[in-house]
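J.: Here is a sequence together with a model predicted from it:
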Amino acid sequence: MTPEHVQTFFTRSDGSYLCARWGRPIVPVVFGVEDATLRVVKGAIEAMVTLAGHKMAETDPELGANLMVFFFREWAELPQVPNLERLLPDLAPLCARLEQAEANQYRFFRFDPDGAIKAAFVFLRMDDHLAAIAAEDLALAQAAQVICLWSDRAFAEVSPLARVEDRVILRPDVAGIIRAVYAPHMPVVARDASHALRIAARL
């Protein structure tokens, strides 16, 4: 993979380059699913954390849980969730925009002072498209998209997953980038495209 290819994963719509990784252990919590699906989602997150060589924990000392995944039917449900407005400012107008756009997913990140990912929120509106995806595949795709701060265009047209015969796996190029981003001597946040050269050298 060339540095130019790597660069596309972290170059945003405005042309800026930004890559960030988690700086603290990940503590997930999942809302709106049955126990069986809960285990699938947490299993996918654990697999992604293991791939990255990062850590999970039972609790975050500041936030309690720092990766929140919400499954629901309509965007209008979210403003009714107690205290969610405190975590996501302007929640009601955001949900109105997402509903108007007929969006079925949205991710929001918060960052520590050093630029590392502090918390992530994943919202999945289970429309017909998402409901048709196997829970294991949906969970793996979402885990891949929150383990790093990717470009807003990185997976807009191509999934981070690939089908190999009768199995769905994380794409090898995406897996390699995740491992490289989390390499011990790599920065927790990078805003210069030369960072892509360092990633490519590790692939």
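T.: That came in fine, so what should we check first?

J.: which phi and psi does residue 188 have?
T.: Backbone torsions for residue 188, taken as degrees, to the nearest 10, come to phi -70, psi -20.

J.: could you list every residue that touches the spatially most central residue of the chain?
T.: Centroid check for the chain by C-alpha atoms, centre = their mean gives residue 146 as the closest residue, at 1.6 Å. Contact analysis of residue 146 by C-beta atoms under 8 Å, 6 or more residues apart in numbering lists 67, 107, 109, 120, 122. All C-beta spots, glycine's among them, are computed from the backbone N, C-alpha and C.

J.: now, which of these sits nearest residue 28?
T.: residue 67 (4.3 Å; C-beta to C-beta).

J.: Let me see the contact set for that closest one.
T.: Contacts of residue 67 (C-beta under 8 Å, 6+ apart): 26-29, 45, 119-120, 122, 146.

J.: For ChimeraX, write the select line for the buried members of the residues you listed.
T.: Per 16 or more other C-beta atoms under 10 Å, the buried members of these correspond to this ChimeraX selection:
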select :26,27,28,45,119,120,122,146
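
J.: Can you tell me which of the contacts of residue 67 end up in strands?
T.: Counting by DSSP state E, the part of the contacts of residue 67 found in strands is 28-29, 119-120, 122.

J.: Export those to CSV and append columns for pLDDT and distance to residue 113.
T.: Converted to CSV, the ones in strands among the contacts of residue 67 look like this (pLDDT from 0 to 100; distance: C-beta to C-beta, whole Å):
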residue, pLDDT, distance to residue 113
28, 96, 23
29, 95, 24
119, 96, 14
120, 97, 17
122, 96, 23
